[in-house]
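**Student:** Below are the sequence and a predicted model; questions follow.
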Amino acid sequence: MQRIHVETILPTEVGRVWQAMQQVPTFLYVCRGLFGVPALAGRTEPFRAGDRGTGWLFAFHVIPAYRHTIEVLDVDDTSHTIRTHEYGGVLRRWDHTLHVEPVTEHSCRYSDTVEIDAGRLTVAVVMLARGIYAYRHRRWRKLVRRHMSEAGLGAGAGGGDVDPAVDHLDH
């Protein structure tokens, strides 16, 4: 088993990112371009501890890659942490921890930590995962810049609560 950890400073309040982390459309947005999960399309309920599902993962939204299972182990409002256990295809284990914490009043640190076991292919999967999470963190920065930062709020969102899960964000 190998571990990767990727973190990013986002220029917005921790509460905005925490709310977005729990939304399926946010997950689909940060992964858009790399892979699609049709089984999650249209889901409006936030992730909750105990959620479990299996569905096809499509590389680049068109190539069926494998059937992926995700179990949401914990959604902790106090620590702003989501933990999942995932597997499928060559993945024996993909234990993912998503976490956000305040840095200042108007910035936060978002991180992904993943424990990966893919048997003999673990090293290759870890290399691929590093690329996936670098991409996802770029998408998080774009999401915050356009829809969740003070500048983004003033540029058309009209202030107030922002729903980063709206599907029109960026295709």
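**Tutor:** Okay, I see it. What you see is a predicted model, and the numbers here were worked out from it, not measured in a lab.
**Student:** all contacts plus neighbour counts: C-alpha atoms, from now on.
**Tutor:** Will do.
**Student:** From Ile70, how far out is the spatially most central residue of the chain?
**Tutor:** In the chain, the centroid-proximal residue (CA atoms, centre = their mean) is Phe27; its distance is 4.4 Å. To Ile70, Phe27 is 13 Å away according to CA to CA, to the nearest Å.
**Student:** try Ala59
**Tutor:** Relative to Ile70, and taking CA to CA, Ala59 is found at 17 Å.
**Student:** neighbour-wise, which of these two wins?
**Tutor:** Between Ala59 and Ile70, counted using other CA atoms under 10 Å, the more crowded position is Ile70 (18 against 15).
**Student:** need the contact list for that one.
**Tutor:** Counting by CA atoms under 8 Å, 6 or more residues apart in numbering, Ile70 touches 51-54, 84-87.
**Student:** what kind of secondary structure is it in?
**Tutor:** Secondary structure for Ile70, judged by DSSP: H, G, I helix; E, B strand; the rest coil, is strand.
**Student:** confidence score at the nearest residue to it once chain neighbours are set aside?
**Tutor:** Excluding the flanking residues, the one nearest Ile70 by CA to CA, 6 or more residues apart in numbering is Glu86, at 4.4 Å. For Glu86, the model assigns a pLDDT of 98.
**Student:** low-confidence ranges in this structure?
**Tutor:** Within the chain, the stretches with pLDDT under 70 are 150-171.
**Student:** now the strands for it?
**Tutor:** Secondary structure of the chain (DSSP state E): strands at 2-10, 35-36, 52-59, 63-76, 81-88, 91-104, 107-117.
**Student:** Name the strands paired with the shortest one and say parallel or antiparallel.
**Tutor:** The one in question is strand 35-36. Strand 35-36 sits in its sheet next to strand 52-59 (antiparallel), going by DSSP bridges.
**Student:** The strand it pairs with to strand 81-88, inter-axis angle?
**Tutor:** Interaxial angle of strand 52-59 relative to strand 81-88 (axes from the mean of the first three to the mean of the last three CA atoms, to 10 degrees): 70 degrees.
**Student:** Can you list the buried residues in strand 52-59?
**Tutor:** 54, 56-58 (16 or more other CA atoms under 10 Å).
**Student:** Right, I'll leave it there.
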